[in-house]
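A.B. asks: how would this look folded up:
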Amino acid sequence: HTFSHFYFLEEGITAVDMELDIDRMKSMSKRFDLTLKSIVFPRNQIQNEALETLKIKGFRAYRGNQENRFWSNSQFDKESLLKKVFRVLDAYFPISKTKSYSVNQLKSFKGLLNIPANRFLRPATKNKWLERQKIKRIKREMHQAAKRGTVYHLWWHPHNFGTYQKENFEFLKEILNHYQFLNNKFGFESITMKNLAEKMSNENI
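C.D. replies: Purely as a prediction, here's the structure:
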């Protein structure tokens, strides 16, 4: 997720800034005996020049944006309030179509595999009715992906669980239990971005 939560599309960013942050990220990972191969761009700000640098540095995959207007690639200050509001509402109600891809439909850009996000697991709120709509939407999309054999990329920020911890972990447990059901029924597989990129690379050889 970068070294400094680096925003790749904001004003004043240079290629030197990008490379320095990426190098710091890789250096820090070595302290924990990790080899980074995938990346999530903060605020989903994907920049082509950064992808080229990441490829040179040994990265294989990144989380792309969902292909609809609510998640389009943009600078934070240039996003309209309406876009932000609809993005929140979309977590609870099907106001946009969630595009899905089979593994073979995933594409590489600048040498890195683009694995688009499907759904952001928003942190829990006090509104129990809204929370049920959110979980139903996620489980319904997971079920469709399992039946169709497509990728379902669910993501969230771990620190979002800091408030309403009990509720957040209960919802996560419900999602994991549903995954187990889909795994047993359809062979739905859990896989990291790194492993998916390596699997595709091996199959293409």
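
A.B. asks: only C-alpha atoms for contact and neighbour calcs from this point on.
C.D. replies: Noted.

A.B. asks: Point to the residue nearest the middle of this structure.
C.D. replies: When the chain is reduced to its mean C-alpha position, the nearest residue by C-alpha atoms, centre = their mean turns out to be Ala117, at 4.3 Å.

A.B. asks: What's the separation between it and Glu11?
C.D. replies: 25 Å (C-alpha to C-alpha, to the nearest Å).

A.B. asks: Ok, Ala91 next?
C.D. replies: Distance from Ala91 to Glu11, by C-alpha to C-alpha: 29 Å.

A.B. asks: quick one: which of those two has more around it?
C.D. replies: Of the pair Ala91 and Glu11, Ala91 is the one with more neighbours under other C-alpha atoms under 10 Å, namely 21 against 8.

A.B. asks: Asn118 is in contact with that one, correct?
C.D. replies: No: under the criterion of C-alpha atoms under 8 Å, Ala91 makes no contact with Asn118, lying 10.5 Å away.

A.B. asks: ranges for the helices of the chain?
C.D. replies: For the chain, helices defined by DSSP state H occupy the ranges 15-31, 48-56, 81-89, 128-148, 165-186, 193-203.

A.B. asks: Save those helices as TSV, and put in mean pLDDT too.
C.D. replies: Listed next are the helices of the chain as TSV, based on pLDDT from 0 to 100:
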stretch	mean pLDDT
helix 15-31	93
helix 48-56	92
helix 81-89	85
helix 128-148	96
helix 165-186	97
helix 193-203	86
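
A.B. asks: Tell me which of those helices sits nearest to Phe41.
C.D. replies: The closest of the helices of the chain to Phe41 is helix 48-56. By C-alpha to C-alpha, the value is 9.9 Å.

A.B. asks: If we go by neighbour counts, what in the closest one is buried?
C.D. replies: For helix 48-56, burial by neighbour count (16 or more other C-alpha atoms under 10 Å) applies to 50-51, 53-55.

A.B. asks: With stretch 55-67 instead?
C.D. replies: 55, 59-67.

A.B. asks: who touches the closest residue to Ser4 other than its chain neighbours in this structure?
C.D. replies: In space, and not counting its chain neighbours, Ser4 is closest to Asp21: 6.9 Å by C-alpha to C-alpha, 6 or more residues apart in numbering. For Asp21, the contact set (C-alpha atoms under 8 Å, 6 or more residues apart in numbering) comprises 2-4, 6.

A.B. asks: Of the residues you listed, just say which sits nearest to Asn195.
C.D. replies: Nearest to Asn195 among the contacts of Asp21: Thr2, at 19.3 Å, using C-alpha to C-alpha.

A.B. asks: pretty sure Ile39 contacts Lys57?
C.D. replies: No: assessed by C-alpha under 8 Å, Ile39 is found out of contact with Lys57, at 11.7 Å.
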